[in-house]
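J.: Structure for the following, please:
(one chain, ligands or ions: 2)
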Amino acid sequence: MARMLEQNGCEDETQDLEPQGPGRGGARWGPQHAGARELANLYSPGKRCQEWISVALCFSLMAFNFIHLLANFHTGYLWQILLGIVGGILTADFASGLVHWGADTWGSVDLPIVGKAFIRPFREHHIDPTAITRHDFIETNGDNCMITIIPLAHMAFSFLTLSPAEIYHVYPWYCYLYALAIFVTLTNQIHKWSHTYFGLPRLVVLLQDLHIILPRKHHRIHHVSPHETYFCITTGWLNYPLEKLGFWRNLEDLIQGVTGEKPRSDDLKWAQKVK
Ligand SMILES: [Zn+2]
Ligand SMILES: [Zn+2]
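T.: Ligands and ions are numbered 1, 2, ... in the order given. Next up, the predicted model:
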């Protein structure tokens, strides 16, 4: 279904993004959908606190490392530095796809700890895709900031302890790591922008138009029920090649063959919840 839309559905700006089929008789999608309301109510003060700490730590470390990268900049390994940056962005895009695919396709909101904290937002996003545009900066970026704290802290520690000669040699590797960390951290912000149709800063629209970050039309392909393709949400560069390779489909067949679990069963359950 989504594969057909890949060819023509994304051309249409007014294309209907609601989940199809289930949910007739109640709100079929959006904030009034019963499942969406239930999922939104599971956002707790403890979770909010975790997000605040993660954002504060992550952005402090990012600024610290940026200053040290600038201070140590040299043109000795220019090509390696450029390759490192592109490689970091590609890795972040792939990681966004893998995590998004994993959370969309497997597991359930009922799982202890991870269910409510990490799977809930993915379920909410499919039945209320615009909820993300109402989330503030902390809720949008908290989880991704938490992921990058440890690698950023390790880099900061290295800048404080390595000699200038040692830093010179690992510099392209650090550029890779830093680009990876920046794009992983900003993935959900980029994803939020891809759902925002009014009031975006001009620079963001320009970056979307140049496909340096996830463009709005491109991401609409994922939001067609049953949400089975175009999982990469950082730049989206890998979506087309992975779709052509049948990457996600093959991985799902393999996992279903081994475990017997049906892909997207929990996602479908939430989409059908109307009371
Ligand atoms: Zn999704
Ligand atoms: Zn989305």
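
J.: can we go C-alpha only for contacts and neighbour counts from here?
T.: Noted.

J.: List of residues touching stretch 257-268?
T.: Asp104, Thr105, Trp106, Gly107, Ser108, Val109, Arg123, Pro226, Glu252, Ile255, Gln256 (Cα atoms under 8 Å, 6 or more residues apart in numbering).

J.: With stretch 179-199 instead?
T.: In this structure, residues lying in contact with stretch 179-199 by Cα under 8 Å, 6+ apart are 62, 84-89, 91-93, 95-96, 129-130, 132-133, 137, 140-141, 144-145, 147-148, 151-152, 200, 204, 213-217, 219, 233-234.

J.: How far away from the center of its chain is stretch 183-201?
T.: Mean-position distance between stretch 183-201 and its chain equals 10 Å (Cα atoms, centre = their mean, to the nearest Å).

J.: I'd like the distance between Arg202 and Phe231.
T.: 25 Å (Cα to Cα, to the nearest Å).

J.: quick one: which of these two has more around it?
T.: Phe231 (28 against 9; other Cα atoms under 10 Å).

J.: May I see the buried residues of stretch 126-142?
T.: Applying a neighbour-count criterion of 16 or more other Cα atoms under 10 Å, the buried positions in stretch 126-142 are 126-133, 138-142.

J.: okay if I get those as a markdown table plus pLDDT?
T.: Output for the buried residues of stretch 126-142, formatted as a markdown table (pLDDT from 0 to 100):
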| residue | pLDDT |
| --- | --- |
| His126 | 93 |
| Ile127 | 91 |
| Asp128 | 90 |
| Pro129 | 92 |
| Thr130 | 91 |
| Ala131 | 88 |
| Ile132 | 90 |
| Thr133 | 92 |
| Ile138 | 94 |
| Glu139 | 90 |
| Thr140 | 91 |
| Asn141 | 94 |
| Gly142 | 93 |
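
J.: Leu207 and Ile213 touch, don't they?
T.: Yes - between Leu207 and Ile213 there is a contact under Cα atoms under 8 Å: 5.8 Å.

J.: ok, those two, which is more surrounded?
T.: Each of Leu207 and Ile213 has its neighbours counted (other Cα under 10 Å); Ile213 has more, 26 against 14.

J.: helices and strands around the strand or helix carrying Leu82, which ones?
T.: Taking DSSP states H and E as the criterion, Leu82 maps to helix 78-105. Secondary-structure packing of helix 78-105 (3 or more Cα pairs under 8 Å, 6 or more residues apart in numbering; DSSP states H and E): helix 120-127, helix 164-194, helix 265-271.

J.: Go again with 6 Å.
T.: Applying 3 or more Cα pairs under 6 Å, 6 or more residues apart in numbering; DSSP states H and E, we find helix 78-105 packed against helix 164-194.

J.: State the mean pLDDT of the helix it packs on.
T.: Averaging pLDDT along helix 164-194 gives 96.

J.: List the contacts of the helix or strand just after that helix.
T.: Next along the chain after helix 164-194, taking DSSP H and E as the criterion, comes helix 202-209. Residues outside helix 202-209 that contact it (Cα atoms under 6 Å, 6 or more residues apart in numbering): Ile213, Leu214, Pro215.

J.: and the last one, what does it touch?
T.: Shown in contact with Pro215 (Cα under 6 Å, 6+ apart): Ser194, Gln208.

J.: got any ranges where the stretch 151-275 of the chain has weak pLDDT?
T.: By pLDDT under 70, the weakly predicted segments of the stretch 151-275 of the chain are 274-275.

J.: For Leu69, what is the enclosing helix or strand?
T.: Here Leu69 is assigned to helix 45-71, by DSSP H and E.

J.: Give me the buried positions along that helix.
T.: Glu51, Trp52, Ser54, Val55, Leu57, Cys58, Phe59, Leu61, Met62, Phe64, Asn65, Leu69.

J.: Quick check: the third one touching Cys145?
T.: Yes - using Cα atoms under 6 Å, Ser54 makes contact with Cys145 at a distance of 5.4 Å.

J.: In TSV: the buried residues of helix 45-71, plus distance to Asn188 and pLDDT.
T.: Output for the buried residues of helix 45-71, formatted as TSV (distance: Cα to Cα, whole Å; pLDDT from 0 to 100):
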residue	distance to Asn188	pLDDT
Glu51	13	92
Trp52	15	94
Ser54	14	96
Val55	13	97
Leu57	17	97
Cys58	14	97
Phe59	15	97
Leu61	19	98
Met62	17	97
Phe64	22	98
Asn65	21	98
Leu69	25	96
